[in-house]
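> Prediction below, plus the sequence it came from.
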Amino acid sequence: MKLLIINGPNINFLGIREKEVYGKQDYNYLLTSIQKKANETDCNIEVFQSNHEGAIIDRIQDAYGDGTKGIIINPGAFTHYSYAIRDALASVSMPKIEVHISNVYRRDEFRHTSVTAASCDGQIAGLGLQGYLLAIDALLHDCKESCNNKSKQM
């Protein structure tokens with residue numbers, strides 16, 4: 001099964017920026033954790049990171065036809081104002097989970113609003129990098145349920 005993880009602006013600076021908020025583990029630690037999870041679950045997980053809104057939209061649209069079965073997205077700051085990313089997420093019919101490393105609801109008021117969450121099936125916030133691994137488990141469960149329901153209908 002193919003899953004896609006999309007990370008938005010500044011996620012590549014984990015371990016460098018605001019360690020008291022995002023932790024001390026760096027981006028390579030996150031990538032290694034995801035690869036380990038992929039190996040454990042016999043799943044193909046692609047990780048894409050961009051600081052550019054258009055590149056994120058292009059990757060979401062590419063997921064429509066490349067065999068991706070589910071998307072995990074941490075839109076970073078785009079969470080709060082990118083209707084374009086929100087619309088791109090809404091345009092692909094596959095399970096989607098929004099992830100935030102910090103608890104955005106305990107931070108600045110502007111971070112409490114997510115325009116992208118409405119286009120996702122769920123949201124995980126405040127559980128650190130573990131949130132990504134939990135989102136992978138949730139998507140694998142959703143995708144297996146979906147496959148089982150389709151085979152029962154046949």
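That came through, no problem. As the structure is a prediction and not an experimental result, all values here were calculated from the model.

> Tell me where the model's unsure across this structure.
18-19, 21-23, 105-108, 110-113, 143-154 (pLDDT under 70).

> could you pull out the strands for it?
2-7, 44-49, 68-74, 96-100, 122-125 (DSSP state E).

> and the ones you listed as CSV, adding mean neighbour count and distance to T32?
The C-beta positions use only the backbone N, C-alpha and C, and glycine is treated the same way. Output for the strands of the chain, formatted as CSV (neighbours: other CB atoms under 10 Å; distance: least, CB to CB, whole Å):
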stretch, mean neighbour count, distance to T32
strand 2-7, 24, 13
strand 44-49, 18, 11
strand 68-74, 24, 16
strand 96-100, 25, 17
strand 122-125, 18, 20
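
> In TSV, list these along with distance to F13.
Output for the strands of the chain, formatted as TSV (distance: least, CB to CB, whole Å):
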stretch	distance to F13
strand 2-7	11
strand 44-49	10
strand 68-74	13
strand 96-100	15
strand 122-125	19
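
> Count residues in the vicinity of K37, would you?
K37 has 17 neighbours, counted by other CB atoms under 10 Å.

> For it, which residues are in contact?
Contacts here follow CB atoms under 8 Å, 6 or more residues apart in numbering; on that basis K37 touches C43, I45, L133, I136.

> again, 10 Å this time
Residues near K37 by CB atoms under 10 Å, 6 or more residues apart in numbering: L3, C43, I45, Y132, L133, I136, D137, L140.

> what do you get for H100?
Applying CB under 10 Å, 6+ apart, the residues near H100 are 74-76, 79, 107, 111, 114, 117, 123-128, 131.

> Just grab the bridge partners of it for me.
On the basis of DSSP bridges, H100 is bridged to A125.

> so how far is I11 from it?
Per CB to CB, to the nearest Å, H100 is found 10 Å from I11.

> anything in contact with each of these two?
In contact with both H100 and I11: N74, P75, G76, using CB under 10 Å, 6+ apart.

> circling back: most neighbours of all the contacts of H100, which one?
P75 (27 neighbours).
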